[in-house]
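> this is the structure alone, sequence omitted:
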């Protein structure tokens, strides 16, 4: 079976699992849509083209330079998502390439993105990354520091808050992620209820290949899936 056919088959399987997970929702509206982000880190442009030609609208990248290099030869339209950690000194490059930045986790970073967006004459859509599990190895703002960050973001004219992103611990049993995902959904709903005037809180980005079905059941409407679509990452030296 060719790589193109395998990617198409895997995409169909992922979409089917997302639909089934939506149908199993209990405290989240079943009809609420879920968007799939195909995570293309360390995968070639050819694989990206196949995914986009098969209906993928959202591309997720962890590294800015990799995204910039791929964008030069992709020859396809897609919405670009930055899902990896963003260093403040690379904010201008992120603003230039990405439609939605998922990983804003500090006032300093938010200010740098705002400054870059002003220079590009755009309003940059962002998500705030929340580290509910308080994992030292992961980025994200802790729950007790979230409100001050949201207030700071609301005062920056070239940022538009569109929701939140979280990454669950990589448990052996994905069911262990459920309480964290449910807490994140509650936080998302609370933020929507007191939404600042210029915000547009619509996205809850959570769930990856190993836990996206649980995330969808618990309210995710953006899921970040790579390996289940493209297979194991292809690392190059």
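On my side now, so go ahead. It should be emphasised that the depicted structure is a prediction, and the values quoted were computed from it without experimental measurement.

> past the longest helix along the chain, which element shows up next along the chain?
For the chain, the longest helix by residue count, based on DSSP state H, is helix 3-23. Using DSSP states H and E, the helix or strand that follows helix 3-23 in sequence is strand 35-39.

> now do the helix or strand following that next one and helix 3-23, the angle between them.
Toward the C-terminus, strand 35-39 is succeeded by helix 45-53 as the next helix or strand (DSSP H and E). Angle of helix 45-53 versus helix 3-23, following axes from the mean of the first three to the mean of the last three Cα atoms, to 10 degrees, is 50 degrees.

> who touches helix 45-53?
For helix 45-53, the external contacting residues (Cβ atoms under 8 Å, 6 or more residues apart in numbering) are 3-4, 7-8, 11, 38, 40, 59, 70, 73-78, 229-230. Placement of C-beta: from N, CA and C, glycine included.

> quick one, what contacts residue 54?
Contacts of residue 54 (Cβ under 8 Å, 6+ apart): 7, 8, 11.

> and these as CSV, adding distance to residue 94 and pLDDT?
Below are these laid out as CSV (distance: Cβ to Cβ, whole Å; pLDDT from 0 to 100):
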residue, distance to residue 94, pLDDT
7, 27, 97
8, 30, 97
11, 27, 98
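
> make a markdown table out of those residues and add distance to residue 44 and neighbour count.
Formatted as a markdown table, the contacts of residue 54 follow (distance: Cβ to Cβ, whole Å; neighbours: other Cβ atoms under 10 Å):
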| residue | distance to residue 44 | neighbour count |
| --- | --- | --- |
| 7 | 11 | 24 |
| 8 | 16 | 18 |
| 11 | 16 | 21 |
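
> redo the residues you listed as JSON lines? Include distance to residue 88.
Shown next, in JSON lines, are those (distance: Cβ to Cβ, whole Å):
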{"residue": "7", "distance to residue 88": "35"}
{"residue": "8", "distance to residue 88": "39"}
{"residue": "11", "distance to residue 88": "35"}
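
> do you know how far the nearest residue to residue 184 once chain neighbours are set aside is from residue 231?
Nearest residue to residue 184, sequence neighbours excluded (Cβ to Cβ, 6 or more residues apart in numbering): residue 166, at 4.9 Å. According to Cβ to Cβ, to the nearest Å, residue 166 stands 25 Å off from residue 231.
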